[in-house]
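**Q** coordinates only, sequence not included:
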Ligand SMILES: Nc1ncnc2c1ncn2[C@@H]1O[C@H](COP(=O)(O)OP(=O)(O)OP(=O)(O)O)[C@@H](O)[C@H]1O
Ligand SMILES: Nc1ncnc2c1ncn2[C@@H]1O[C@H](COP(=O)(O)OP(=O)(O)OP(=O)(O)O)[C@@H](O)[C@H]1O
Ligand SMILES: [Mg+2]
Ligand SMILES: [Mg+2]
């Protein structure tokens, strides 16, 4: 029998989501499932994702794998969709009890890990002293997972690292160039800046470039989130001290696999944490890190 | 129907008490920055009269009219309406008093229908909705009553500029119930249409409407008006009872010197044939065969829409011909673009200065030199000096009234703009000059200069095609006169070999 | 005289005007027929309902935008106004305002934004492009400030269910298109101020000389546009159940594209209400169809661009031959 | 509002044209002085160099856009062209093309896109807004397709270092502004085709009847705009070290805003090269200043919007007063 299980990500135009899609594609070929790859125009495009879910259901999918753009907003549409087909959630949560299964990274936890990583980097660079000014760069306002990372990061700073003072909480407009400009200006305005958390791929690209340009890799700790060749290069060069890396490939792969199981009325795990890992310059050559850093996209 | 407002109630006939001024100006003045467009003027319009205003280009006539209709605000002075001081700050206020104007450049909405334009700002409404059918019917009735053979339901933009002018007139007539101003209304009209207009004006006068009439055609002034005021350089130099003055006096008041002859005509021996068409057809005209020789003016006369402009546009490469052939100095040519025509040695001053002739929001010098940039370009760049010299020379030669070559064309008066349209071709070194309605809106003095200029071009060995809807002009100037009717060349006359009446009936086709 | 021939061509043109609306509708129908034949899921009740929901919001925005474009203006702020108004609505609802009050206040915000645009254009003499671009930027900022960059959840179920429910077999969102479209049609084509909008777009000076209150007309057009956008903001808030200032990013371009596809001229004075509505649903159908056909989302962008060119091109051709 | 007052304004303005450029420059200087006094880091060599880098790319885009706007057109595609060209450049470099070849091919792509716009406008008769909006959409799609939605990492250090390095004390990126600005100035203000651009923008028919090759002029303007955008794509690729189709999103609006702040009229026939350059650096200074003053990112948006209104308004006022 032919099964169609669409995977609906937040934003098809970023590398992270391409890894998720690659995992799903692989699962599709492995399991003989037809996997349409769908996604909104940007991580903030809630309405676009709702329309895609509606269309996917009415086009006769057997199950859906969804990465909800926004916790609350996607709740009702997912409830609605779950009336017709099983829905598997990946990456982020939604305000719905209708998920058959749920494979996510906890983004708040990811933010905490980033804070830990930053504290470690600052400690290493300053002879063990974990104190000084730090900053946060968020790529785009209004995107749920980025808010959660910021939240986790700030909570952890307040709870565990009283010596680290958040002097700037900047939000860009989705452009690497803007993140680059923000980072350059941060370096200018805060000569004593000790560390920065750039909470996604694009923001980390911009921030990393600014640090590389100003040759501040040794002085300023930088933690990124997610990974691509560019960021791995920065990590190698010591521009970036650590990356918080999720396992998007597995989310995609297991999402489809779980969905197929659900369609076949097999028993599935209700909740799986796919985890967020801190990959540093030191541990980046370990096999697991390599697997995460170089996913099999093509 | 005339003089009724759009809702059909008859306007109260105003009893003309000849001595009471309906509108009076005291010290009315307008400055545009450094330009003193109208110096303090005192003038009283008597109820029920036809009051003509004459003056050179840029004398301030349109400025005066714009002040009276609330289009622009005055710098100082007072206006009294039936003895009461009034602000006249907005067009709306003027319309409320029953003051309306047909402005010099047709100002209506091309995208609306004729009927919608006629009722614009004063629509018939029922239950909050427009009564479109009713307005179209009424508009048609008014047009028919005025004897204008125009449909009310078409888009205004689909009419010729002359026809648009008639619509503007009709519109003003139904709204300017007390005081109506015409700013050069006949500039784009042919004889028959002008006659219709005069009939309308006389009927309005009978109804007691006060009329102000601005024209550069003095015979119209004498035909129509009761009194005439003269403006020179923004100064009101006098008012005369029309019956007690004459053309010579008016001209000398206007230009401060006398002008013995307006139509300056010189005869030159006909030279070689510059251009010849054989059975030329194209959009809007067909089967036209004519030739132009050096030293010769070929006049094209016809009613509006007769196809003359279309014909010359094909000669100039603006439209493609659909049949026949063109010979340039004996050789058959296919003129595919304006640039090709120019390179052959053809220059064309088009009929509509606003739509075709000028880049209105660019400087005078820029406009004058636009056709000749390829000639003065050196190493891809336009040298300052050449640019400047040529512009300044044209401004001086044509006596363009402007603050300098850097002034924008839009700040010039209508007649001076027309000089730019012509002037931009004089540096080009063409052999065949096509002038389409070259003297629209031009004052008598300038007209005489333009005619002199034509003679100069002929003397230099050029040939000229002169299109005019103003019969005396082509009649007096053309060595050979062609009459166009509905796209065809229906008659040809040598200089002064036919009467005005003959030519007119050939043009109308009766 | 030439009048006769002119009248004829004009008559043909004006009768072709209505036909033109029909022909765009024909294009929409043709697309639907093709999709019905090529996919098994297009012509299902569920999908048609989805399509109606998906096209609805841009359709309403496009109508508002059309008023502005007819006056030769442009309103780049509509997307930002939509996003901003989701925030306003969500804030009000979470602060226990009734739905009625929320709707009224949110629409009032739309009116105020439109008035501000009118003020900028009429009183300050700013180009519409600039003032609406500035509001776009600022409104997103204000919305983000109110929500502190996050989203506000709307807990009012009556409100959020509205956008999902149907009435007499049609989605409520589609009824809203009718609710806006019919008065807009009457206003634009059959009322005095509707005509003034055309007059101002055709020749502002002529309109002024005719005693038309040009300033008021400009105020009106921008206010209508912003109010439509505020209304869409309410609908979007109901549909997504949250207030978030970054929503509806780029919708202004979609609204303008819908309007132009629907025959509105960016040079002003030409436009209708039905055209933009059809234009918006054509765009929605392209997206819906591409999803159903499982077209890669990158190809979808490419195809959308090409289709916009083709549609507008053929539309121009037809009108020229008219 | 009336033509007459407008005309009067413009008449006086044309003599004040040069002064006007100076006065915008004055505004820029005033902003710099205020920032020097309120922050200790603004007037440092490092920051001034940063500012020069930050404004450079929009400045070049704005110059290209200005050519188009003067012809009464608009080019919405420039942001997308920039993003697309980062992809082209990155792809070429990772496929071992030399920097020289990469630069030439990428600029060639820009030329081709501009020609396509010219074709759409001149031959197909499409409104500039529509054809460039369509290219915007399609180009992003093609770029995403090439990169498969990811980024291409550029490993060529000579290439990426270019955007970081200085020459004679000025950042290379700023030299690029000069490299584009000076020929653009000469072209627009002193060459025959530069003048034709103004003529076409003022009155296309009059230009045509004066022997101007209107079609060629339109082609030229759009080609220059796209080529500037392609050039910026190269600079951006060098600066961020990746090719990514989604970069430079919304830069078209920034370029247009810079141009208008710099005195270009969206109704055509009014504009310069120095104006847009100053406009772009004014916008860059606003952002730089806000960052140095650590203004909240959301407030930054609000302030940018308000400043745009204020600057354009006072500029209008000054021009009106002469
Ligand atoms: N908007 C304006 N700005 C500056 N100067 C102006 C403006 N309008 C008119 N002028 C100047 O005012 C003077 C009077 O112009 P006006 O249009 O009243 O002349 P006119 O008598 O109607 O001439 P014409 O017969 O050519 O129509 C001219 O010198 C003209 O250049
Ligand atoms: N592009 C066209 N294709 C076909 N017919 C046209 C075209 N343009 C104009 N015409 C028709 O050609 C005829 C001639 O119009 P034209 O404007 O040339 O007359 P004219 O003699 O120059 O009169 P006017 O004094 O109004 O300029 C008109 O009947 C007009 O409708
Ligand atoms: Mg005049
Ligand atoms: Mg003619």
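**A** Happy to help now that I have it. Just so we're clear, the structure is a prediction, and the values are computed from it rather than from any experiment. Ligands and ions are numbered 1, 2, ... in the order given.

**Q** What is the burial count for the residue in chain B that ligand 2 sits nearest to?
**A** Proximity to ligand 2, evaluated over chain B using CB to the nearest ligand atom, is greatest for residue B:284 at 2.5 Å. All C-beta spots, glycine's among them, are computed from the backbone N, C-alpha and C. Residue B:284 has 19 neighbours, counted by other CB atoms under 10 Å in any protein chain shown.

**Q** What of the one 5 residues further on?
**A** Other residues within reach of residue B:289 by the criterion other CB under 10 Å amount to 14.

**Q** Residue A:218 too?
**A** Residue A:218: 10 neighbours (other CB under 10 Å).

**Q** And the strands in the stretch 51-200 of chain C?
**A** Here the stretch 51-200 of chain C has its strands, by DSSP state E, counting those that start in this stretch, at C:152-153, C:166-167, C:170-171.

**Q** Run through who's touching the last one.
**A** Outside strand C:170-171, the residues that touch it by CB atoms under 8 Å, 6 or more residues apart in numbering or on different chains are C:49, C:52, C:53, C:56, C:165.

**Q** so the second one touches residue C:176, yeah?
**A** No: the pair residue C:52 and residue C:176 does not pass the contact test of CB atoms under 8 Å, sitting 10.4 Å apart.

**Q** between the strands of the stretch 51-200 of chain C, which gets nearest to residue B:295?
**A** strand C:170-171 (78.8 Å; CB to CB).

**Q** strands paired with the closest one, and their directions?
**A** Strand C:170-171 has the following sheet partners, assigned by DSSP bridges: strand C:166-167 (antiparallel).

**Q** rewinding a little: for ligand 4, state which of the contacts of strand C:170-171 is nearest.
**A** Among the contacts of strand C:170-171, residue C:56 lies closest to ligand 4 (CB to the ion), at 50.6 Å.

**Q** Quick one: residues contacting that closest one.
**A** Applying CB under 8 Å, 6+ apart, the residues contacting residue C:56 are C:171, C:173, C:174, C:176, C:177, C:235.

**Q** circling back: what helix or strand does the spatially closest residue to the residue of chain B closest to ligand 2 that is not a sequence neighbour sit in?
**A** Leaving aside its sequence neighbours, residue B:284 sits nearest to residue B:310 (CB to CB, 6 or more residues apart in numbering or on different chains; 3.2 Å). Assigned by DSSP states H and E, residue B:310 belongs to helix B:308-315.

**Q** Quick check: which helices or strands does that helix pack against?
**A** Helix B:308-315 sits against strand B:273-282, strand B:285-293, strand B:297-302, strand B:346-349, strand B:432-436, strand B:463-467, with contacts defined as 3 or more CB pairs under 8 Å, 6 or more residues apart in numbering or on different chains; DSSP states H and E.

**Q** Save those as TSV, and put in distance to residue C:241 and mean pLDDT too.
**A** Listed next are the helices and strands packed on helix B:308-315 as TSV, based on distance: least, CB to CB, whole Å; pLDDT from 0 to 100:
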stretch	distance to residue C:241	mean pLDDT
strand B:273-282	65	94
strand B:285-293	68	94
strand B:297-302	72	93
strand B:346-349	67	94
strand B:432-436	67	95
strand B:463-467	70	96
